[in-house]
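A.B. asks: mind looking at a prediction? Sequence and model below.
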Amino acid sequence: MVLLTPTPRLLAAIDVYKTLPSVTPVASPTASLPHQDIYAISRALLSHDSTNPNYTFAALLRGTSVYTPPPPPAAPKSPEYTALMARLRKQQEEAEYRALTSSAPVEEEEDEMTWKEVKSQISVIFNVLLSVFATAAAVWKVASGWDVPQRLAAAFVSALVVAVAEVVLFAGYMRRLEDARKRERREKEKKGIVGVWEVGKGGVKKRMAGREKAG
């Protein structure tokens, strides 16, 4: 049996059908009508008036469509499910609140660390420049008996060697510092699953470390 949606033409034919004598009663369709009833209505009307083309089975089917019933109502939620959802929402709200309240101190701490790094780098640069100029001045003074071009070359080469050594040492220090920060960040970001809530036909269960606990 196929349920079809009625059209104005079909509803008008049903009204005429109800006026005929000795016919099988047909209920007024509200949303759908079986195709067998439409066929019976067509045969009865054509037996009464065979010249009317609007009473043919094809004419009555014209414009109809297959009726799709509405989906069934959702099953009521169990008290365990409702309690679990409320508990999870509360935990989520608390986690969001903690994240909001803890973001400001973290940002202040990061700003403080950034400012300390800037001051440290400025101090390192100043010390490097001081070492370079002090080395150049010392070599210039030690080589006082040399010719001026030789003294300049010796002072320049000595200052360059000191500058390269300072840069290499500073780069190694920064690399070790960055590695230490990465390790600390990884340790802070370690997370684990404490428990898993499962909702099924048997109720609500909480599984913890390979065990199951009924909710």
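C.D. replies: Structure received.

A.B. asks: and the spatially most central residue of the chain, what are its phi and psi?
C.D. replies: Residue closest to the average C-alpha location in the chain (CA atoms, centre = their mean): residue 92, at 15.1 Å. The phi and psi values for residue 92, taken as degrees, to the nearest 10, are phi -60, psi -40.

A.B. asks: measure it to residue 98 for me?
C.D. replies: The spacing between residue 92 and residue 98, counted by CB to CB, to the nearest Å, is 11 Å. Where you see a C-beta, it was placed from the backbone N, CA and C, and this is true even at glycine.

A.B. asks: then residue 30?
C.D. replies: The value you get for residue 30 to residue 98, if CB to CB is used, is 56 Å.

A.B. asks: could you pull out the helices in the protein for me?
C.D. replies: 8-18, 35-48, 57-61, 79-142, 148-188 (DSSP state H).

A.B. asks: of those helices, which approaches residue 2 most closely?
C.D. replies: helix 35-48 (4.7 Å; CB to CB).

A.B. asks: would you indicate which residues of that closest one are buried?
C.D. replies: Residues of helix 35-48 classed as buried: 35, 37-38, 40-42, 44-45 (neighbour count, 16 or more other CB atoms under 10 Å).

A.B. asks: just stretch 135-152 next, same as before
C.D. replies: 135-136, 139-140, 143, 151.

A.B. asks: pipe the residues you listed into JSON lines and attach pLDDT per row.
C.D. replies: Formatted as JSON lines, the buried residues of stretch 135-152 follow (pLDDT from 0 to 100):
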{"residue": "135", "pLDDT": "88"}
{"residue": "136", "pLDDT": "84"}
{"residue": "139", "pLDDT": "86"}
{"residue": "140", "pLDDT": "85"}
{"residue": "143", "pLDDT": "83"}
{"residue": "151", "pLDDT": "83"}
